[in-house]
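Trainee: can't give you the sequence, but here's the structure:
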């Protein structure tokens, strides 16, 4: 096994470990000496991999972006760049900054060929979306509730300005061409609903976590909407 292949294999092994693993165990899995293992760990760390270790406990790969060179070809690079530029156009300030930061991190570790694909892509995201309506409630409030599975009480006005009070289980934020929406389970309707964020007049947390797993609820919603895990429409072929 080449050194590059061994480093990538070591990275994958660490990614699959939820708890710290000793150098001896890693060396046995990779069929190398502990001395070689220590050198490989040091090289991964120097390349930017978030590998942390402690004597007597072992090594663990913490969360964080690490893309060593050679991992992306030209087509993969362009797909990522297209997606990030689309996010920059249609996302909010938080996502726009995140997209720019992610693109900078990726650019720093690309090979020369991939760098060329980054500078002169063959695909473009098209014109920027129209300006979104103003939100009364910052989107970060919804992001936090989604991540915490927290119930939210909404003061909501529909397209005809008819107000209603809703208690929702927020599942995801959707960025459409003309509006941003929250996908949620609505306790009032007893069904999945989407709410435009610009029509939410006020929001308050209930200090209560909704039951079940968000991933399961979102999967059920996708099935009802005939969407796959990537949000693509999948009509029933029967």
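Mentor: Nice, thanks for sending it over. Note that the structure is predicted; figures quoted are calculated from it, not measured.

Trainee: List of residues touching the lengthiest helix in the chain?
Mentor: Assignment by DSSP state H gives helix 74-90 as the longest helix of the chain. Identification of contacts with helix 74-90 by C-beta atoms under 8 Å, 6 or more residues apart in numbering yields 72, 95-96, 98-100, 102-103, 106, 110, 113-114, 116-118, 121-125, 128-129, 175, 177. For glycine as for every other residue, the C-beta is placed from the backbone atoms N, C-alpha and C.

Trainee: For ChimeraX, write the selection for the buried entries among those.
Mentor: Selecting only the buried entries of these in ChimeraX, with 16 or more other C-beta atoms under 10 Å as the criterion:
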select :72,95,99,103,106,110,114,117,118,121,125,175
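
Trainee: Show me what the helix or strand bottoming out on mean pLDDT in the chain is packed against.
Mentor: Taking mean pLDDT, DSSP states H and E as the measure, the chain has helix 112-119 as its least confident helix or strand, at a mean of 74. Packing contacts for helix 112-119, counted by 3 or more C-beta pairs under 8 Å, 6 or more residues apart in numbering; DSSP states H and E, involve helix 74-90, helix 93-107.

Trainee: Tell me which of these sits most buried.
Mentor: helix 74-90 (a mean of 17; mean count of other C-beta atoms under 10 Å).

Trainee: ok now it, how far from the chain's centre?
Mentor: In terms of C-alpha atoms, centre = their mean, to the nearest Å, the centre of helix 74-90 is set 14 Å apart from its chain centre.

Trainee: Tell me how this protein divides into domains.
Mentor: Structurally, the chain divides into domains by automatic domain parsing as follows: 3-61, 74-119, 139-225.

Trainee: so after the longest strand along the chain, what's the next helix or strand?
Mentor: Using DSSP state E, we find that the single longest strand of the chain is strand 163-175. With elements assigned by DSSP states H and E, the helix or strand that comes after strand 163-175 is strand 180-186.

Trainee: Compute the inter-axis angle for that following strand and helix 74-90.
Mentor: 90 degrees (axes from the mean of the first three to the mean of the last three C-alpha atoms, to 10 degrees).

Trainee: Direction included, what does strand 180-186 pair against?
Mentor: Taking DSSP bridges as the criterion, strand 180-186 forms sheet pairs with strand 163-175 (antiparallel), strand 191-196 (antiparallel).

Trainee: List of residues touching stretch 37-57?
Mentor: Here stretch 37-57 makes contact (C-beta under 8 Å, 6+ apart) with 3, 6-7, 10-11, 14, 20, 22-23, 26-27, 30, 32, 59-64, 66, 68, 109.
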